[in-house]
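**Q** mind folding the following:
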Amino acid sequence: MGNYQSVVLEKSMYHTNEGFLNRLEALDPTRGYEGTDLCGLDALERQLKRFDIKVSGPLGDRVEKFFQDPQSALLFPAYLTRAVEQGMKNSPLDLILAAKTVVNTPDYRSISSTASEDEDKAIAEGGAIPATQIRLKDKLVTLNKRGRMLSASYEAIRFQRLELFAVTLRQIGNSIARRKLKDAVSALIGTGDDAAEKTVCATSGTLAYSDLLKLWQSFEDYEMNLLLASPDMAGKILSLPECNLPGCAAAFTGPDAALTPFGAVLIKSDAVPAGTVIAMDKNCALEMVSCGGVTVDSDKVIDCQLERVAITETCGFAKIFPDAVKVLTLTA
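**A** A predicted model of the protein is given here:
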């Protein structure tokens, strides 16, 4: 069994390639607590218990509780990071990702694959087997840094309850996630040679069920299982008579999501340009490339220099299979 109370915390743990939380988990593995009262807690949560820091509930502690001990002060940047990451989970981004790639360099090329033209032919005895060729793409994936500057003195927040403070941190995470989603939408729509195949509604200013059928029919090697729509287009889709017939009416599966008669999940997002629907096979369409995850100025936080603390994440997006993404637009 591990002994979380004997772990020595150091500032340098924030400056390793593996990061503070992974380093903490390596020093105090969770698997050592199976079958104990601490089962279900991860390494950070065990350290909070060690220093009796309650982050939620009516008896939750204040921010200053972290700084009553030099060792527990080292946990505060990790607490900030986790709260920000929790705010990111409310974004529909995770629903549209086919793959996540973590890199430690800003220069990253995704891959593309090309199938041979004779893939439909049966393989004769001794004949050549159709090939799928995988190459690195010519262009680097553009990585954008997104974040917020947390501006507050220690004196201003020291007496605040951690549960209330976490609400603000989660909102920061939500804000970063919204901007990441806009980057993802830009990658899906694409430009130039990378632009997704586009269709236009047959009647100007009007969305018809036949337009959605045409969009659905345009998928051949992939399935249309997700629609990412601007708020106006999401409303038009759900207002179609065909989407409200008994037995096939759209059913809401979340605050901004509904299951359509096509079997595709419809997600409403203001990250999508007005009059636009992005249809995709969510299992093949989009890759997210992350460089380091959420970062916090840990040294400033530990030393209570909170006047200006940057909370950032650097990531980018790339289409995996271009034909797995189609765009429907509504003209004025």
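**Q** can you point me to the longest helix in this protein?
**A** Identified as the longest helix of the chain according to DSSP state H is helix 162-189.
**Q** tell me the strands beside the helix or strand that comes right after that helix, with direction?
**A** On the C-terminal side of helix 162-189, the nearest following helix or strand under DSSP states H and E is strand 197-200. Here strand 197-200 is paired, per DSSP bridges, with strand 325-329 (parallel).
**Q** can you give me the buried ones in the strand it pairs with?
**A** Residues Val325, Lys326, Val327, Leu328, Thr329 are the ones in strand 325-329 that count as buried (16 or more other Cβ atoms under 10 Å). (Glycine included, C-beta is placed from N, CA and C.)
**Q** excluding its backbone neighbours, what's nearest Ala234?
**A** Leaving out its chain neighbours, the residue that sits closest to Ala234 by Cβ to Cβ, 6 or more residues apart in numbering is Lys268, at 3.9 Å.
**Q** for that neighbour, list the residues it contacts.
**A** With contact set as Cβ atoms under 8 Å, 6 or more residues apart in numbering, Lys268 has these partners: Ala229, Ser230, Pro231, Ala234, Asp256, Ala257.
**Q** I'd guessed the first one sits against Ala274; true?
**A** No: contact criterion Cβ atoms under 8 Å: Ala229 and Ala274 do not qualify, at 10.2 Å.
**Q** looking at the two, which is more packed in?
**A** Comparing Ala229 with Ala274 by other Cβ atoms under 10 Å, the one with more neighbours is Ala229, at 23 against 12.
**Q** give the contact list for the more buried one.
**A** Counting by Cβ under 8 Å, 6+ apart, Ala229 has contacts Ile237, Leu266, Ile267, Lys268, Ser269, Val272, Thr276, Val277, Ile278.
**Q** could you redo the last one with a cut-off of 6 Å?
**A** Val277 (Cβ atoms under 6 Å, 6 or more residues apart in numbering).
**Q** if we can go back for a sec, which helices and strands sit right next to the longest helix of the chain?
**A** helix 76-88, strand 144-150, strand 309-319 (3 or more Cβ pairs under 6 Å, 6 or more residues apart in numbering; DSSP states H and E).
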